[in-house]
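>>> Everything below, folded, please.
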Amino acid sequence: MRFHDAAPMSNPRNLAPRIIHLLNTRCKTRSHLRQILAHIILHNLRPDTTVAPCFIAACHSLNLLSSAAFPLYINNLTTPHTFVCNTLLKAFSHSGTPQKSPVIYSHMNKNAIPVNHYSFPFVLKALADLKLVEEGMSVHAQITKLGFLTDVYVGNSLLNLYAAAGNMSLCGKVFDEMLMRDVVSWTVVISGFKDAGRFDDALIAFERMKSEGVMPNQVTVVNTLAACAGFGALDIGVWIHEHVKMRGWDLDVILGTSLIDMYGKCGRIEEGLRVFEAMKEKNAFTWNAVIKGLALSKSGKEAITWFYRMEDEGFQPDDVTLIAVLCACVHSGLVHMGRRIFASLVDGKYGFSPSVKHYGCMIDLLARSKCLEEALRMIEKMPFEPTVSIWGALLAGCRAQGNSELSETAAWKLVELEPHNCAYYIILSNLYAEKGKWSDVEKVRKLMKDRGLKKDVGSSTVELENRERSLELVA
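Predicted coordinates:
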């Protein structure tokens, strides 16, 4: 289609409606849009606030925001209407190039284009996605100066900015200053604490929210369930499950999987299995939550049964699935099954190569199963540099089986990887003391002194900690 083929447009009064019609119905390609752009410039329709949103939407759909919409409205010659700027801010904040949003906002300030309560949420969303906290603080200052913090949507956008950057101190300060708060405000705070690993604070916020009479929505409960899983707060997780039933919410993939994950990590995987069976739709994340829960409960054989059931029902295992099922083998001592699954992974059955975490699980399994030489060979042949958890797993297995020679090798490797962790020096010192190698004991102590390390009470627990590292992989 040629633009001028659609209809005559010499009458200026008919021009804007015709362009809007073309943008909404017949602008399907970049060439069409560029023809329309030429007419907008030729007939000076840039200031038209009815044409602008349609043109910007067409640019967004054709991925031409940066090359067409942005230069048309944001340049040294134009001072577009606030509505047009807000439309651009919204489009860019929901695009793959959110970095243009702060530029538009800056253009508005430099050219005295008024901002309003619609402007700030879009620019703050872009700054949150870009993790530009300092720039966000400047916007925050303007929001305070202009009195827009009374707007709950602006306040929620500020909360999201600081939560996305992990600055929960500033997030909490904004929250406390907000005159109006809704369920979104509470959800952002809960999500921020959860993402920062502060599960207890997330749960405290959830309880505060309830005490103030604000009922959670589905986004709130999904984030709170993740905090329950991380903190082991089964009682709150059960309350949420009852709330879901009471509200009659469907157990969709996200909500159902979150419940399964919570029950699995809180040691009640049997409840998680009931949730699984009640779900109409599942995905790989759902199956992973079940297998991880069974691995954490040390129900290795059942985890493997579910792993094969997952394949039988047409779901493709991913890297997380394989970590979970290998961890299940570790904690149930299923070395032969672990070897078989790992061999299939290496052979490409699942469409990806084993990562260092998969090797870590397998080495832990071999070390616990008294296959120390096989574990060492795998370390030497794997296509990754061994991590602390891998040498730690080998060390724990060697110590449990009294293999002092391999224990010494693994301990020295740990010293190389973490030279400021005094626990590894203490293990080395103890190894030499057990063998009566007092000169080596003194060498280790001197090395600690030279590196400014002191024995830390409780450091000898390192072997027990290494025993739990594979549990962390599925948590």
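
>>> Quick one: residues in contact with stretch 112-125.
79-82, 85-86, 89-90, 92-94, 98, 101-102, 104-105, 107-109, 136, 139, 142-143, 146, 148, 151, 153-154, 156-158, 160-161 (C-beta atoms under 8 Å, 6 or more residues apart in numbering). C-betas here are computed from N, CA, C, even on glycine.

>>> ok, the residue most central in space within the chain - contacts?
When C-alpha atoms, centre = their mean is applied to the chain, the residue found nearest the centroid is Asp195 (7.6 Å). Residues in contact with Asp195 (C-beta under 8 Å, 6+ apart) are 163, 166.

>>> Now with 10 Å, please.
By C-beta atoms under 10 Å, 6 or more residues apart in numbering, Asp195 lies in contact with 163-164, 166, 168, 202, 223, 226-227.

>>> For it, give me the pLDDT.
Looking at Asp195, its pLDDT is 97.

>>> what about it, distance to Asp261?
15 Å (C-beta to C-beta, to the nearest Å).

>>> re the thing from before, mind checking which of the contacts of stretch 112-125 land in helices?
Judged by DSSP state H, the contacts of stretch 112-125 include 82, 85-86, 89-90, 92-93, 101-102, 104-105, 107-109, 136, 139, 142-143, 146, 153-154, 156-158, 160-161 as members of helices.

>>> Those, buried ones only, as a ChimeraX selection?
Buried residues among the ones in helices among the contacts of stretch 112-125 (16 or more other C-beta atoms under 10 Å), as a ChimeraX selection:
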select :85,86,89,90,92,93,101,102,104,105,107,108,136,139,143,153,154,156,157,158,160,161
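
>>> pLDDT (mean, whole number) over the helix or strand hosting Leu259?
Assessed by DSSP states H and E, Leu259 sits inside helix 253-265. The average pLDDT within helix 253-265 is 97.

>>> Return the set of buried residues in that helix.
255-265.

>>> what sits against Ser185?
So Ser185 contacts 152-153, 155-156, 159-160, 174-175, 178, 209, 214 (C-beta under 10 Å, 6+ apart).

>>> Looking at those, spot the one nearest His43.
Using C-beta to C-beta, Tyr153 is the member of the contacts of Ser185 that lies nearest His43, at 36.0 Å.

>>> show me where pLDDT drops low in the stretch 1-150 of the chain?
Across the stretch 1-150 of the chain, the ranges flagged by pLDDT under 70 are 1-13.

>>> low pLDDT regions in the stretch 251-400 of the chain?
The model of the stretch 251-400 of the chain has no residue with pLDDT under 70.

>>> quick one: which of the contacts of Asp195 sit in helices?
Mapping the contacts of Asp195 onto helices (DSSP H) picks out 163-164, 168, 202, 223, 226-227.

>>> Let's have the residues you listed in TSV, adding neighbour count, pLDDT and distance to Leu366.
Formatted as TSV, those follow (neighbours: other C-beta atoms under 10 Å; pLDDT from 0 to 100; distance: C-beta to C-beta, whole Å):
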residue	neighbour count	pLDDT	distance to Leu366
Ala163	26	97	42
Ala164	22	96	41
Met168	20	97	42
Ala202	26	98	38
Asn223	25	98	38
Ala226	20	98	33
Ala227	27	98	35
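
>>> Could you dump those into CSV with distance to Thr305 added?
Putting these into CSV (distance: C-beta to C-beta, whole Å) gives the following:
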residue, distance to Thr305
Ala163, 40
Ala164, 40
Met168, 42
Ala202, 34
Asn223, 31
Ala226, 27
Ala227, 30
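
>>> nearest to Glu313, of those residues?
The closest of the ones in helices among the contacts of Asp195 to Glu313 turns out to be Ala226 (C-beta to C-beta; 25.7 Å).

>>> Nearest residue to that closest one in space, please, no chain neighbours.
Lys194 (5.3 Å; C-beta to C-beta, 6 or more residues apart in numbering).

>>> For that neighbour, what is the enclosing helix or strand?
Per DSSP H and E: helix 183-195 holds Lys194.

>>> which one of the buried residues of helix 253-265 is nearest Gly232?
Nearest to Gly232, judged by C-beta to C-beta, of these is Lys265 at 7.0 Å.

>>> Could you tell me which residues within stretch 367-380 count as buried?
Quick answer for stretch 367-380 (16+ other C-beta under 10 Å): 367-369, 371-372, 374-376, 378-379.

>>> and if you look at stretch 119-134?
For stretch 119-134, by 16+ other C-beta under 10 Å, it's 119-130, 132-133.

>>> Can I get stretch 85-99 in CSV, CA atoms only?
C-alpha atoms of stretch 85-99 as CSV (Å, rounded to 0.1, in the frame of the first residue of the first chain):
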residue,chain,number,x,y,z
CYS,A,85,5.6,13.1,26.5
ASN,A,86,3.7,10.8,28.9
THR,A,87,2.6,8.6,26.0
LEU,A,88,6.3,8.3,25.0
LEU,A,89,7.4,7.7,28.6
LYS,A,90,4.8,4.9,28.8
ALA,A,91,5.8,3.3,25.5
PHE,A,92,9.6,3.3,26.3
SER,A,93,9.1,2.1,29.8
HIS,A,94,7.4,-1.0,28.4
SER,A,95,9.9,-1.5,25.6
GLY,A,96,13.3,-3.0,25.2
THR,A,97,14.9,0.5,25.3
PRO,A,98,13.7,1.9,28.7
GLN,A,99,16.9,4.1,28.8
